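Novice: Sequence first, then the predicted structure, then my questions.
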Amino acid sequence: MNNSYSIKDIINLLLSKLWLLILVTIIGGTAAFCYSKFVMPLKYSSHISMYVQSYTGISENANQQNNISNSKQLVNTYMEVLKDDAVMNSVGELLKKQFDEDTLIKNFGMSEGRISPSAIRDCYSISSVTDTSAVKIVATTKNAEVAAALCNDLTEVAPDYVEEAVGVGSINTIDVAKVYNNPVAPNMKKNAVLGAMAALMLTCMIIFLVDFFDNTVRDTDAVGKEFKKPIIGEIASFGIEKKKKDQDEDDHVKLTDKNVPFTVVESYKSIRTNVSFALSTVDKKIFAVSSSNPREGKSTTSANIAIALAQGGNKILLIDADMRKAVQHKIFGLKNKKGLSSAISKMSKLEECIQKDVMENLDVMTAGPVPPNPSELLASDNMGAILEQLSSEYSMILIDTPPVNVVTDAMELAKYISGIIVVLRYGVTTNEDVDAAIKKVEFAQMNMLGFIMNDVKIKKAGYYSKYKNKYYYKKGYGYGGYGYYGSKPETSDDDTDVEEKEETVKKEAAPKKTNNNSNNKSKKSNGKKKGKK
């Protein structure tokens, strides 16, 4: 929930929903236009003016200026008289003589052969003309002839009622109301504009209400301050290519895949550095990665952290301890016949359960067959013995565990590991989820290393931009499953320069095998040259 908005926040919020605002505005304007054109009935208007005189006659000695002044004072009184039910009933009687019943029903509606005074009054607009003693009468109905008749009939009955009610002055007309066959309503252009504006304002209000009551995590700094835990890193989200329905390939993407943007790679390098710092003061370099709930990206994040650590020259073991819903074997394309469950239950030797050299410096222990008691296996002494044995063989051990708010599996490892990292998903994980996860971690007396914010959305494309004191590539986004990634975004000239520097560093740090191969090739080429000589 956002309790305060700056102008910048409002602009960014509206820009983030710009496509929705444009679409709703177009739909609202179109709907109003169509409703005006096809549903609202056509209306026609006619008008006439009546002039008020203070006295019934004009004499040579009468002051014309006084006559007009007195007439102005009577205008408001006359207007009220003209709206009286008695006047409306008289107009109704005249209309019944001029038009058939069907016409009158369409314009006014009738009850017991009688037109309601209020129905007739609603068709009139009676107003005074500024700085004159004139009264303007406008009648609007569904029939042009009925509108003109309303004006003429009122001028016919008005003088008698005015003289009887007021007894002073007179009210006269010069002309008669004409029939105008051009409709005055509905104004389709005006209604379309009003419909578009109403739809836009309503949508803006809904957007602000939704954002105001949104309790999902969207600001890592705010999360860190609220829960007083460090931020290990942020991973930007980006678009994925849609796959065919009959395609069985998994959507999880590894850090080493070609379609992973440079900025995501850099994010994981930053996470690698922060993890190394977090574990620098402990003896056991064993830590777990989890999330508060499913589908927040913890499995893909675990795999890519392990890859990043291995690329840093560390001997890494990735253990898939999510034996309820194993994923790591899918990410790395491995078999899952033997794994962690086999090793803990001693159904297979430990060495047989570890798949060596999945990548350079990276070994993976998959989850193995699904056991009936995952939590008990992880809490067993055998699990502790396995981690104790493996900790001497690897620089770091990373354990992918199930979500802490769903099952207690991760909590069972508290006494065997140095800490846990909780993955949050931008715009999905709620503050309540984070609070519940922290309480479970603290209750298990497990060291909370920090948070990783996954799937961070920054919606402007084509250049690097500073966001929360970190640099991310701004691009369109999509997200699937546990933190999937997709197509490579376009790069600017600045991006190309940075990538060229990265390629240069990678070439300098290439394995010695590559150098040996190049030396062998050079020797062969030299041998060929000597032979020719």
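Specialist: Noted; the coordinates are in hand.
Novice: Report how many residues lie close to residue 167.
Specialist: Residues lying near residue 167 (other C-beta atoms under 10 Å) number 7. Placement of C-beta: from N, CA and C, glycine included.
Novice: With the one 5 residues further on instead?
Specialist: The number of residues packed around residue 172, counting by other C-beta under 10 Å, is 11.
Novice: Same question for residue 134.
Specialist: 17.
Novice: Alpha carbons of stretch 13-26, as CSV, please.
Specialist: Provided in CSV are the C-alpha atoms of stretch 13-26 (Å, rounded to 0.1, in the frame of the first residue of the first chain):
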residue,chain,number,x,y,z
LEU,A,13,2.0,5.0,-12.7
LEU,A,14,-0.1,6.4,-15.5
LEU,A,15,2.7,5.8,-18.1
SER,A,16,3.0,2.2,-16.9
LYS,A,17,-0.7,1.7,-17.8
LEU,A,18,-0.7,4.0,-20.9
TRP,A,19,-1.8,1.2,-23.3
LEU,A,20,-4.8,0.5,-21.0
LEU,A,21,-5.7,4.1,-20.7
ILE,A,22,-5.6,4.6,-24.5
LEU,A,23,-7.6,1.4,-25.1
VAL,A,24,-10.3,2.3,-22.5
THR,A,25,-10.6,5.9,-23.8
ILE,A,26,-11.2,4.6,-27.4
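Novice: Identify all contacting residues around that stretch.
Specialist: With C-beta atoms under 8 Å, 6 or more residues apart in numbering as the contact definition, stretch 13-26 has outside contacts at 5, 196, 199-200, 202-204, 207-208, 211, 459.
Novice: go on, stretch 100-114?
Specialist: By C-beta under 8 Å, 6+ apart, stretch 100-114 touches 92, 95-96, 115-116, 119-120, 123, 141-143, 146.
Novice: What ranges in the stretch 401-533 of the chain fall below the confidence cut-off?
Specialist: Regions of the stretch 401-533 of the chain meeting the criterion pLDDT under 70 cover residues 458-533.
Novice: before we move on, what about the stretch 101-250 of the chain?
Specialist: For the stretch 101-250 of the chain, the ranges with pLDDT under 70 are 169, 238-250.
Novice: rerun at 90
Specialist: Applying pLDDT under 90 to the stretch 101-250 of the chain flags residues 109-114, 129-134, 159-175, 210-215, 218-226, 236-250.
Novice: ranges for the helices of it?
Specialist: Secondary structure of the stretch 101-250 of the chain (DSSP state H, counting those that start in this stretch): helices located at 101-107, 117-123, 144-165, 188-212, 220-227.
Novice: my guess is residue 382 contacts residue 342, does it?
Specialist: No. Residue 382 is beyond contact range of residue 342, at 11.2 Å (criterion: C-beta atoms under 8 Å).
Novice: Show me which of the two is the more surrounded one.
Specialist: Ranked by neighbour count (other C-beta under 10 Å), residue 382 and residue 342 place residue 342 first, with 22 against 15.
Novice: Would you agree the more buried one is in contact with residue 348?
Specialist: Yes. The criterion here is C-beta under 8 Å, and residue 342 meets it with residue 348 at 4.1 Å.
Novice: Can you classify residue 452 as helix, strand or coil?
Specialist: strand (DSSP: H, G, I helix; E, B strand; the rest coil).
Novice: For stretch 426-442, give me every contacting residue.
Specialist: By C-beta under 8 Å, 6+ apart, the residues outside stretch 426-442 that reach it are 215-218, 223, 226-227, 229, 237, 290-293, 295-296, 404-405, 408, 411, 420, 422, 424, 448, 451, 453-457.
Novice: Can you select the buried ones from these in PyMOL?
Specialist: Applying 16 or more other C-beta atoms under 10 Å to those, the buried members can be selected in PyMOL as follows:
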select buried, resi 216+217+218+223+227+229+237+290+291+292+293+296+404+405+411+420+422+424+448+451+453+454+455+456+457
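Novice: still on that earlier bit, identify whichever of the helices of the stretch 101-250 of the chain lies nearest to residue 137.
Specialist: Comparison of the helices of the stretch 101-250 of the chain against residue 137 by C-beta to C-beta identifies helix 144-165 as nearest, at 5.6 Å.
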